[in-house]
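Enquirer: Here is my input, please return the structure:
(chains A and B)
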Amino acid sequence: MADIPLPPGYDAARAAEAQRAFERVLGADQVFFEDLDRDSYKDKFYVDPAAHHPLGAVAPESVEEVQAVVRVANQLQLPLWPISRGKNLGYGGSAPLLAGSVVLDMSRMKKIEFDEQMGTVVVEPGVGFYDLYDFIKANDLPYWMSTPGNSWGSVMGNALDRGMGYTPFGEHAKNIIGLEVVLPSGELVRTGMGAFEDAPTWQNYAYGFGPGWDQMFVQSNFGVVTKMGMWLMPAPEVQLSLSIEWDRPEDLKNIVDALAPLRRERVMASHSSIGNWLRFASTLTTRDQWTDKPGALSEDVIDAIRKQFGIGWGGLSIAVPGREDVAKAQYAIIKAAVEKSGPSSIREASWKQGEPIRGDGWAGTPITFPMQNSNWYGGRGGHIGFSPIIEQDGSKALAQFQRTYARYQEFGMDYQGSFVFGERHMINVNAMLFSQDDPEHLGKVDRFFRQLVADAKEQGYGEYRTHLDYMDLVAGSYDFNGGALRRLNETIKDALDPNGIIAPGKSGIWPSRLRGERKA
Amino acid sequence: MRKALFITAALALALGAAACSQVEEGEGGAPAAGPAPMPEPVTLSDRPDATGGEALYVVKCLMCHGANGMGQGLLARRVDQPDLELRGDLTADYVITAARQGIGNMPAIPRGEVSDADMQAIADYLAAGPHEAAAGGAS
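Expert: The predicted structure is shown next:
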């Protein structure tokens, strides 16, 4: 029993009491406190294998059971870590930030309510991208999802962590419209028009009357979201697309400056992502197929990768879905801008309704194979990402790339970076692939990540989303007026959750009784 | 070779570089033709006759062990037959142990997500293989 992870203030006897209390409200078949359970909820893509171990897990199957779990946790002052499906790999997966927390696993809650006329859906936490995809297909609904590169996870969980897809609906947190939330007290609340009893417009108008609270429950620990409304993209008449490559890393500037105005005008609406040569090699091959040398990949290896896959130093795809006449006009403008930016190649494609659809993220089809990059080093591996928000400006993007690439060289890490076009910003996603069979490599990842945070901070850049290990670090970088935002967040936290039971430490927000757990 | 080419095309799209063949320009500046489309993932509505352990396998496992799946791709590096439904050498105990503990780069599947009863049904189904008619999502 000595090895069981316990939350602050707990001993083994009190943990056993908590297990029994959960079994009384859920039944023993929905309560998991064995060693195997603790192992299975750990972070698969860990950087620190000793961190974030749960005490156990519970799996409610209804909103009422979630409320019952929350009430038990309140009585026992026991931290819960809500997950929807727990597939947030690279950010912590199913593991809690605070060791000894009980995972509140809602993967069994899988209800889907679809409004075919309006193209809106209400999902419970356990609805995965493949579940919703199957629902749309089975019912022949004329809508497309937006899916992330790893689509194993939950539609709701991904949106609540500000996950991204590729289509014009690719900023998933923006698609949220109406939430149902179990507050830390156990009370059930609905946001927006959902606050109006039996309103038929819950998923049609975001705000209701008075303050709008949807975004308050995004990346927060102010409640447990049990239903989420979302808008889907009507299936387009056509989709026109092009892929470009360029030869020199410096060409990044021209590409960004060519496309950024079109993004701001919404002529280009897709969430296109500029990537480099490793995006192919890391997923299709293992590192030992290219070199046996440690340190960052050398120029001759980069050349060999580019030659094998027929790609440039960087590349980008753009898709234009919509009505045929409109899409053709938008596409022509985008293509002309791209041609002026000096790409080494342009490849084009088109699709129209009635033709077989492409099974990829550009058509909102779920995929999981990009996670094959966890095998880059040939054994057990994983990745985390450092992803600051930067200006939508070519010179700034190039400078950010050059600073970061130099750090990859310095730390001997293989560079996999991308620049995603938001509407008025870019997300610079820097993936760090690592081997879990090499402790020295793992140790380096931590130092490297902290260096990138410090470098970005000097430019005024902060991350949009991060792994459990770095939530306090990143939250601390948001330091206007001595960290006023964190004080606001924690004032709200203490008001809503005086016992500090919901996801303590999530996004750097700690309840008062556990504030001493905050890391530097 | 066919599989390797397919995976290359799929990868390029997912990572932001649409794998499209050079095509002639059509009316209005739009491309006139596109590449052969990639297969869509197989989900339960594609296999309406599936029941019991087979249906559970489709719903719980095929996103990784079918077309465009991580498990399918990584197993293809190590074994001759990466499609678990076409394997004749799996035992139920092995399937349960691999799923519950994780194996290689496959994360563990917790009991909250797949109950013991459902896991047993999936394992029994795979242990009764090969299921030649099913052919999973590998097509």
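
Enquirer: The longest strand seen in chain A: what's the following helix or strand?
Expert: Using DSSP state E, we find that the single longest strand of chain A is strand A:425-435. Next helix or strand after strand A:425-435 toward the C-terminus (DSSP states H and E): helix A:439-459.

Enquirer: Which parts of chain A are helices?
Expert: For chain A, the helices defined by DSSP state H occupy A:12-26, A:35-40, A:63-76, A:129-138, A:155-160, A:252-264, A:278-284, A:299-309, A:324-340, A:394-411, A:439-459, A:471-477, A:480-496.

Enquirer: Show me what the first one is packed against.
Expert: Read that as helix A:12-26. strand A:31-32, strand A:56-58, helix A:63-76 (3 or more CB pairs under 8 Å, 6 or more residues apart in numbering or on different chains; DSSP states H and E). Glycine gets a C-beta too; all of them are placed from N, C-alpha and C.

Enquirer: who's in contact with the second one?
Expert: Counting by CB atoms under 8 Å, 6 or more residues apart in numbering or on different chains, the neighbours of strand A:56-58 from elsewhere in the structure are A:15, A:19, A:22, A:26, A:30-34, A:37-38, A:41, A:69, A:102-105, B:110-112.

Enquirer: Any of these buried? List them.
Expert: A:15, A:19, A:22, A:26, A:30-33, A:37-38, A:41, A:69, A:102-105, B:110-112 (16 or more other CB atoms under 10 Å in any protein chain shown).

Enquirer: thinking again about what came up before, quick one, which of the helices of chain A is packed in tightest?
Expert: Mean neighbour count (mean count of other CB atoms under 10 Å in any protein chain shown) peaks for helix A:155-160 among the helices of chain A, with a mean of 26.

Enquirer: just checking, what packs against that helix?
Expert: helix A:129-138, strand A:224-231.

Enquirer: So the residue lying closest to A:Pro249 once chain neighbours are set aside versus A:Gly412, what's the distance?
Expert: Using CB to CB, 6 or more residues apart in numbering or on different chains and skipping the chain neighbours, the partner closest in space to A:Pro249 is A:Trp313 (5.1 Å). From A:Trp313 over to A:Gly412 the distance is 20 Å, taken as CB to CB, to the nearest Å.

Enquirer: Between those two, tell me which one has more neighbours.
Expert: A:Trp313 (18 against 14; other CB atoms under 10 Å in any protein chain shown).

Enquirer: Report the contact partners of the spatially most central residue of chain A.
Expert: Geometric centre of chain A, nearest residue: A:Gly163, 3.6 Å, by CA atoms, centre = their mean. Shown in contact with A:Gly163 (CB under 8 Å, 6+ apart): A:148, A:153, A:172-173.

Enquirer: Quick check: residues of the stretch 351-500 of chain A near chain B?
Expert: A:351, A:355-362, A:365-372, A:374-375, A:379-381, A:418 (CB under 8 Å from any CB of the partner chain).

Enquirer: Go through the residues you listed and flag which are in strands.
Expert: A:351, A:381, A:418.

Enquirer: between these, which is closest to A:Ser345?
Expert: For these, the residue nearest A:Ser345 by CB to CB is A:Ser418; the value is 18.7 Å.

Enquirer: Low-confidence regions, chain A specifically.
Expert: The model of chain A has pLDDT under 70 over residues A:1-2.

Enquirer: Where do the domain boundaries of it fall?
Expert: With domains defined by automatic domain parsing, chain A comprises A:1-108+A:469-520, A:112-234, A:238-465.

Enquirer: Can you give me the first-to-last residue distance of the second one?
Expert: Going back to what we said before, that points to domain A:112-234. The first and last residues of domain A:112-234 sit 18 Å apart, counting by CA to CA, to the nearest Å.

Enquirer: Show me where chain B has its strands.
Expert: Under DSSP E, chain B gives no strands.
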